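K.L.:
Starting from these lines, generate the structure:
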Amino acid sequence: LFETNHAIETLEFRGADVQTKTMRSLSWALSCTNGLSELHELNLIDIALSKNMVIALSTGFSSIQLKVLRVTNCGLNKTATIQLFNALQKCEQYRHLTHLNLSKNACARQGTKTIAGFLQKCAALQVCVVADAALDGNEFFVALTTDSTAQMLSHCDTLTLLDFSGNIVGDRGASLLSNFLRV
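P.N.:
Residues are numbered from 1 along each chain as shown. I've put the predicted structure just below:
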């Protein structure tokens, strides 16, 4: 599909029975586009996404420039979250991403740290929806802070929506969020 049709901009799997082999095939097809793919939006919704599926998909990330990534209600656990965001970071997807939705997953504290590390590098993030994703605000809100001595980017100019509903904010997280909102 992607080998012959570079114009596809959005790909969505919703409620589909997707296997590791499917993700491997998709990744291979994206790799065959030699960076010519117009795929900018990937939606994985209501599918069971395992660590192995994330690994299989991740090699294709270097061939696309995602602007929108939705991984919603996919059973994403700590290990799969870490794998996904390490792969996204390695392929520098943070340069283009404007919309991220990780709602209804189980990312856990370690997954939250990896997400925060990725978000700290996002230059154009406008929408971040992480409702009911078992995130730790003490780790997550570190991503919204800026450090003038390092070359981290501020989200103050780009972020228009942040949905952290159903997660634990924590004392440190509340303080970091408060500082962010004052800027």
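
K.L.:
Let me see the ranges of the helices in this structure.
P.N.:
Assigned by DSSP state H, the chain shows helices spanning 20-31, 51-58, 78-90, 108-119, 137-140, 171-182.

K.L.:
and the shortest one, average pLDDT?
P.N.:
When pLDDT is averaged over helix 137-140, the result is 92.

K.L.:
right, so the helices of the chain: which one is the most enclosed?
P.N.:
Among those, ranked by average contacts under mean count of other C-beta atoms under 10 Å, first place goes to helix 137-140 (a mean of 22). Using the backbone N, CA and C atoms, a C-beta is placed for each residue, glycine as well.

K.L.:
pull the CA atoms of that helix into CSV?
P.N.:
C-alpha atoms of helix 137-140 as CSV (Å, rounded to 0.1, in the frame of the first residue of the first chain):
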residue,chain,number,x,y,z
GLY,A,137,2.2,13.9,37.7
ASN,A,138,5.4,14.2,39.8
GLU,A,139,7.2,12.8,36.8
PHE,A,140,5.0,14.1,33.9
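
K.L.:
Quick check: Gly75 vs Ala48, distance?
P.N.:
5 Å (C-beta to C-beta, to the nearest Å).

K.L.:
Please identify every residue contacting each of those two.
P.N.:
Counting by C-beta atoms under 8 Å, 6 or more residues apart in numbering, no residue touches both Gly75 and Ala48.

K.L.:
In the chain, where is pLDDT below threshold?
P.N.:
Scanning the chain for pLDDT under 70 picks out the ranges 1-6, 35, 146-156, 183.

K.L.:
So Leu88 sits against Phe118, correct?
P.N.:
Yes - between Leu88 and Phe118 there is a contact at 5.9 Å, judged by C-beta atoms under 8 Å.

K.L.:
okay, and the common contacts of these two?
P.N.:
Tyr94.

K.L.:
what sits against Ser63?
P.N.:
Taking C-beta under 8 Å, 6+ apart, one finds Leu30, Ser31, Thr33, Asn34, Gly35, Ser37 in contact with Ser63.

K.L.:
Spatially nearest residue to Asp132 (excluding sequence neighbours)?
P.N.:
Gly166 (3.7 Å; C-beta to C-beta, 6 or more residues apart in numbering).
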